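**Student:** Any chance you could fold what I've pasted below:
(chains A, B, C, D, E and F)
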There are 6 protein chains.
Amino acid sequence: MNGTVVRNIHRAEAATIAILERLGVATVHEAQGRTGLMQPYMRPVWRGARVAGSAVTALCHPGDNWMIHVACEMLKPGDVLVVACSSDNTDGGFGELLATSVKARGARGVILDMGCRDAADISAMKFPAWSRAISAKGTVKASLGWVNLPVVCAGVGVRPGDVVVADDDGVAVVPRLDAVKVAKAGEEREKKEAANRACLQTGALGLDLYDMRKSLADKGLKYIDGPLD
Amino acid sequence: MNGTVVRNIHRAEAATIAILERLGVATVHEAQGRTGLMQPYMRPVWRGARVAGSAVTALCHPGDNWMIHVACEMLKPGDVLVVACSSDNTDGGFGELLATSVKARGARGVILDMGCRDAADISAMKFPAWSRAISAKGTVKASLGWVNLPVVCAGVGVRPGDVVVADDDGVAVVPRLDAVKVAKAGEEREKKEAANRACLQTGALGLDLYDMRKSLADKGLKYIDGPLD
Amino acid sequence: MNGTVVRNIHRAEAATIAILERLGVATVHEAQGRTGLMQPYMRPVWRGARVAGSAVTALCHPGDNWMIHVACEMLKPGDVLVVACSSDNTDGGFGELLATSVKARGARGVILDMGCRDAADISAMKFPAWSRAISAKGTVKASLGWVNLPVVCAGVGVRPGDVVVADDDGVAVVPRLDAVKVAKAGEEREKKEAANRACLQTGALGLDLYDMRKSLADKGLKYIDGPLD
Amino acid sequence: MNGTVVRNIHRAEAATIAILERLGVATVHEAQGRTGLMQPYMRPVWRGARVAGSAVTALCHPGDNWMIHVACEMLKPGDVLVVACSSDNTDGGFGELLATSVKARGARGVILDMGCRDAADISAMKFPAWSRAISAKGTVKASLGWVNLPVVCAGVGVRPGDVVVADDDGVAVVPRLDAVKVAKAGEEREKKEAANRACLQTGALGLDLYDMRKSLADKGLKYIDGPLD
Amino acid sequence: MNGTVVRNIHRAEAATIAILERLGVATVHEAQGRTGLMQPYMRPVWRGARVAGSAVTALCHPGDNWMIHVACEMLKPGDVLVVACSSDNTDGGFGELLATSVKARGARGVILDMGCRDAADISAMKFPAWSRAISAKGTVKASLGWVNLPVVCAGVGVRPGDVVVADDDGVAVVPRLDAVKVAKAGEEREKKEAANRACLQTGALGLDLYDMRKSLADKGLKYIDGPLD
Amino acid sequence: MNGTVVRNIHRAEAATIAILERLGVATVHEAQGRTGLMQPYMRPVWRGARVAGSAVTALCHPGDNWMIHVACEMLKPGDVLVVACSSDNTDGGFGELLATSVKARGARGVILDMGCRDAADISAMKFPAWSRAISAKGTVKASLGWVNLPVVCAGVGVRPGDVVVADDDGVAVVPRLDAVKVAKAGEEREKKEAANRACLQTGALGLDLYDMRKSLADKGLKYIDGPLD
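**Tutor:** This next block holds a predicted model:
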């Protein structure tokens, strides 16, 4: 598939994406059955951002960011650029000039399974970026990869148009066709958690709130008075 | 020992714990002969916290946070919850709801040899948490571990009631019965360091302040004028 | 070479160093042909510093910071202390007292291929420090290494007097005799980037700005309309 | 998708699989455009095996091997069992008893993005197994994953029925519908390599054999006589 | 505790140790409730050894093997030397001369949470050794640690006289007072596994042998006929 | 320096190289004051080889092996090819065809700070190769690096013509001008070790052989009778 760019992709509804963004990574990941979470080495370049958007996908090769330039043309306002790499590498294929460009095209953020450079500038711009490393190492423009075909990014399969959600907890991917269902499940989870939070704030125990005592006893949990020493 | 919970533990004196907290991780670790420091992969979820407290210990299994719920009931105000895991795993077994609960029970902080989720919320709450990773990966409640029995957390043996000290430098553990002695040694170190600091601020050299020139020469250190190139 | 200290070294011109500092790690690294960048595990102890200075080099052994004390005497105002280690180790060989001393001697910053302790204090002092880890682990003063001889630090060869540039992106090293040439090349790059930035901010594509379309087509890049699913 | 098992899958032709097995991982991976290679942490439990087969896929959770038992029933002679894990974990979810079972069902080998135990026995049985670690750590049977739905294993997307090729170089995955095409391309590559090998054995240079001198010169490669020191 | 050597320790019965050795790491680890397994980075220097013995413990500091020499004097025939390190380090603190010495004193093997050198010689001697790395890096003899006091080695607490079992799967530790009980439980497990093995060799499924179908269905496992693509 | 090839280099005497080869990595590394050892991630592709030779150096870029082809032409019988990479990457830039070529040119072995592919073939050929990973990942020929200029390989500075020694313990580098001196020091060490070995085989203790008891006591080592539990 090296050397292929797909111009048009399906995208999820903006309203659905907005809900997923508000819910955040942890809730979205739970709401879809604990799937779709990128590996925890994906960290925000600066703390405090939260975004969701439709994935425009690019596959690059180690030490080469050519396909990011190709992918820029495919970005529409609200998209999130997802850059995979064909092998483990931390070179800084994305920096402040690309951030400027991607932002000017209306993208919400970028997910990089490679290094990010110009960390201070990108933080000052408040442009949301997640990467596996911060590195100034320069890259070349020599190898064709692909754009808007499926990629595996930080351990998760991403198809173009899937919804990407990213915040301080990392990055989660929701398959486009599941987005409505996941958003609904996430909102229900949100409500339930609000009730639980209120209860826990009073000092109630999760053991009682989630009714765990019987199943713990069934498994054989035993209490000893102690102290033992 | 899987499946055992000890209700009561001995704790160190509050006054001793307060001294250890003020001293911080580096001084406490030195004061007890450079022992008791957790591995440096244990990092604060947010920078700037410093806490000390009596350890309530829990052993969980990978991808499973059930014993954290069991441990919550054993927490008393001022305690620090120490969660070990039976094998290397970074799943997010502790998040904002558990932080709410643990805080409501009066705990000072939490030490997680696993992942922590809801990093933004926990930072906003200013609840002190140290973990080996930040990850939204959900966990199950399926396997019994134990509570308030000894654990190995991030390379250090922790017994219930040991004093845990944590700050931006990481996490140190003081055996309960050594706490008074370590606090005293730490305070002496603190005084000596204050004097040394004042001296170094004037531009004095450690070589002279710590009287190293002779031992360096004895070992064979030689000075060449240079430059060599 | 263990046991040797060179007192005098050549240094680059202050004016050149000032230019390299302003340019920062990413630009400097590019301007010298993508060489001289330390491995990305070297991270700032606190975010936001940028320094450049002449390298005073020290080789320590794992768990031993003796040579840092010896190196302090060789520091002149404006220098950057570069500490290599003879094997991988993260013990905290540099802390607030050494930072106080090094600062009092006029050093601009410190680069540690080992751990750094007292992270909170060093951040509060705003003393620029980069390290491979934050760790309170104490060190001994037992083994001779060397000062102001060549070292390999985080994968890069550093000779005394080379210019070290460090910021949030990491650490780059410019050989002393190349410093003027690299500063000039960096300033040209800086100008070109300013023009490109202005252009990209209007939404122009890198594909056109950098004239990539033909070479991409020559390599065989093909566009498909899509969507494919 | 947790909790779903698909009984029947499409498989590639045995003749095609046999060719891919003979070609081995490196040739197959090249023949499909340098895609489909699992991360290099996937290593053989013993050196010297080479297998190819149709993937029966399973998703497990960390510390839990329940779905391997479920997947066993879906194995047909010639298959390769591919076990993914929903987060990074090295627990030993596969050992000699499972190897005995999987072998009795006719499977050719197993690919484990988790740990493998009983390494000595599995080596003595000569049962081909690749894993991310060797670990005796026991696992539980508590969480549902899935069988014969797509997984991401060691960074590569695998669909049931894809052809898995594994040898001392690691593990490669060929999408089922590409298998014939890749086998053909691989055989052509094999022939060309045989000719090149014969040529290189005489001492001929790759520079000439692959006609690289002009493109190197075009890029600016320059020769200096030396020696420089 | 730095600077303390305990001359005499309790040891488990030779007969019990012999049983644990025969059972091997995986069975022993399971037989004591899945506890006591060192981290999987502990690997044999050469494949094929299996030993068990009473732990003589030593704590060294990074890059320093002095305490190994002190520990040698405490070894009795049948012991296993367990060397912990006060921080992560891979320097080669144990080589062929120490192996010669330790073997001459009757030790069965050595467990090193540091590097091992002279890998070829130690393999040729068939002296059983497990380590976190192979490295020729030399060490010094400068810092006191301790001998025959508790240590944490590769994530597991080890007290002197505990039984250490090591084979190709890694290293497990059985608390001395539990050794008889664990040996018995392991032998029962061994018998049950022999029966299960015979059954699985006929092609029977673990699903039936271990009676899992009902609990899987209760959890919600569903079968679909497929194929899906 | 990208784009430069130096044709001629100085080499050490064959007789000196032969001594260094016989001594092996651990002895050579010690004989030059514990310097010059590559990081322990450099492992032999197959166990049992030991070689020494003059370094022909090449710098490649991640995922690119072009400069290896250029370097082949510079190899003379007895040389060892040392391949550095400008950033961390494990792609398989060296395989059986290059091994065939390099062997046909008379090279003794290859040191790769990247991945090696065709591990089974290279093992069968008995061609000595050390690498940071085994990986079939293909590489491109797109970027100029350099040949026979200094490189940093796996943490060690290597100049062309330096003597490289490699065996199961890893890889050590001896600066060319130090080779005679290091060979002599190594031979003395070898003799001393032979005497010590004979002594230790009788059960003598290193404590007495190396006369450590007094310095241990001076540092404060204390013996307790025990047992303590």
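
**Student:** Show residues contacting stretch A:193-207.
**Tutor:** Residues outside stretch A:193-207 that contact it (Cβ atoms under 8 Å, 6 or more residues apart in numbering or on different chains): A:27, A:209, A:212-213, A:216, B:69-70, B:72-73, B:96-98, B:100-101, B:104-105. In this view, the C-beta of every residue, glycine as well, is placed from N, C-alpha and C.

**Student:** what comes up buried for it?
**Tutor:** Residues of stretch A:193-207 classed as buried under the neighbour-count rule (16 or more other Cβ atoms under 10 Å in any protein chain shown) are A:193, A:196, A:199-200, A:204-207.

**Student:** Could you export those residues as CSV, including distance to B:Val163 and secondary structure?
**Tutor:** Shown next, in CSV, are the buried residues of stretch A:193-207 (distance: Cβ to Cβ, whole Å; DSSP: H, G, I helix; E, B strand; the rest coil):
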residue, distance to B:Val163, secondary structure
A:Glu193, 33, helix
A:Asn196, 32, helix
A:Cys199, 31, helix
A:Leu200, 27, helix
A:Ala204, 28, coil
A:Leu205, 25, coil
A:Gly206, 26, helix
A:Leu207, 26, helix
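
**Student:** In these, find the pair that's most separated.
**Tutor:** Pairwise distances across the buried residues of stretch A:193-207 peak at 17.2 Å for A:Glu193 and A:Leu207 (criterion: Cβ to Cβ).

**Student:** which stretches of chain A form strands?
**Tutor:** In chain A, the segments counted as strands under DSSP state E are A:4-6, A:43-44, A:51-60, A:79-85, A:92-94, A:109-116, A:129-134, A:146-147, A:151-153, A:156-158, A:163-167, A:170-174, A:222-224.

**Student:** any residues touching the second one, and which ones?
**Tutor:** Applying Cβ under 8 Å, 6+ apart, the external contacts of strand A:43-44 come out as A:128-132, A:166-168, A:170, B:134.

**Student:** The residue most central in space within chain A bridge partners, please.
**Tutor:** Centroid-nearest residue in chain A: A:Val171, 1.9 Å away (criterion: Cα atoms, centre = their mean). With beta bridges defined as DSSP bridges, A:Val171 has these partners: A:Ala166.

**Student:** close enough to count as contact, it and A:Leu112?
**Tutor:** No. A:Val171 lies out of contact with A:Leu112 (Cβ atoms under 8 Å); the separation is 10.1 Å.

**Student:** can you list residues touching both of the two?
**Tutor:** Residues touching both A:Val171 and A:Leu112 (Cβ under 8 Å, 6+ apart) are A:Trp130.

**Student:** for the contacts of strand A:43-44, which one is nearest F:Gly186?
**Tutor:** Nearest to F:Gly186 among the contacts of strand A:43-44, counting by Cβ to Cβ, is A:Arg132 at 42.3 Å.

**Student:** Any figure for the gap between the closest residue in space to A:Ile134 that isn't next to it in sequence and chain F?
**Tutor:** Sequence neighbours aside, A:Ala119 is the residue nearest to A:Ile134 in space, at 4.8 Å (criterion: Cβ to Cβ, 6 or more residues apart in numbering or on different chains). Computed with Cβ to the nearest Cβ, to the nearest Å, the distance linking A:Ala119 and chain F is 17 Å.

**Student:** do A:Val70 as well
**Tutor:** The gap separating A:Val70 from chain F is 17 Å, by Cβ to the nearest Cβ.

**Student:** what is A:Asp64 paired to in the beta sheet?
**Tutor:** Applying DSSP bridges to A:Asp64, the residues it is bridged with are A:Val140.

**Student:** Report the separation between it and F:Gly3.
**Tutor:** A:Asp64 sits at a distance of 18 Å from F:Gly3 (criterion: Cβ to Cβ, to the nearest Å).

**Student:** who touches A:Ala104 in this structure?
**Tutor:** Residues near A:Ala104 by Cβ under 8 Å, 6+ apart: C:200-204.

**Student:** Just send those residues back as CSV, with pLDDT too.
**Tutor:** Putting the contacts of A:Ala104 into CSV (pLDDT from 0 to 100) gives the following:
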residue, pLDDT
C:Leu200, 97
C:Gln201, 96
C:Thr202, 96
C:Gly203, 95
C:Ala204, 96
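
**Student:** Tell me the one among those nearest to chain E.
**Tutor:** Checking those against chain E by Cβ to the nearest Cβ gives C:Gly203 as the nearest, at 40.3 Å.

**Student:** sorry, back to before: how many residues are close by the residue nearest to A:Ile134?
**Tutor:** 28 (other Cβ atoms under 10 Å in any protein chain shown).

**Student:** do A:Lys222 as well
**Tutor:** 12.

**Student:** need the contact list for it.
**Tutor:** Going by Cβ under 8 Å, 6+ apart, A:Lys222 touches B:3-5.

**Student:** can you check A:Val102 too?
**Tutor:** A:72, A:75, A:81, A:110, A:127.

**Student:** ok, now with 10 Å
**Tutor:** By Cβ atoms under 10 Å, 6 or more residues apart in numbering or on different chains, the contact set of A:Val102 is A:56, A:68, A:71-72, A:75, A:79-81, A:94, A:108-110, A:127, A:129, C:200, C:206.

**Student:** next one: A:Ile9
**Tutor:** Residues near A:Ile9 by Cβ under 10 Å, 6+ apart: A:54-57, A:74, A:76, A:79, A:147-149, A:159-162, A:176, C:226-229.

**Student:** Apply 8 Å and report the result again.
**Tutor:** Neighbours of A:Ile9 in contact, by Cβ under 8 Å, 6+ apart: A:54, A:56, A:74, A:148, A:160-161, C:226-227.

**Student:** do the same with A:Ala185
**Tutor:** For A:Ala185, the contacting residues are A:31-32, by Cβ under 8 Å, 6+ apart.

**Student:** can you check A:Ala84 too?
**Tutor:** By Cβ under 8 Å, 6+ apart, the contact list for A:Ala84 reads A:57-60, A:113, A:151-153, A:158.
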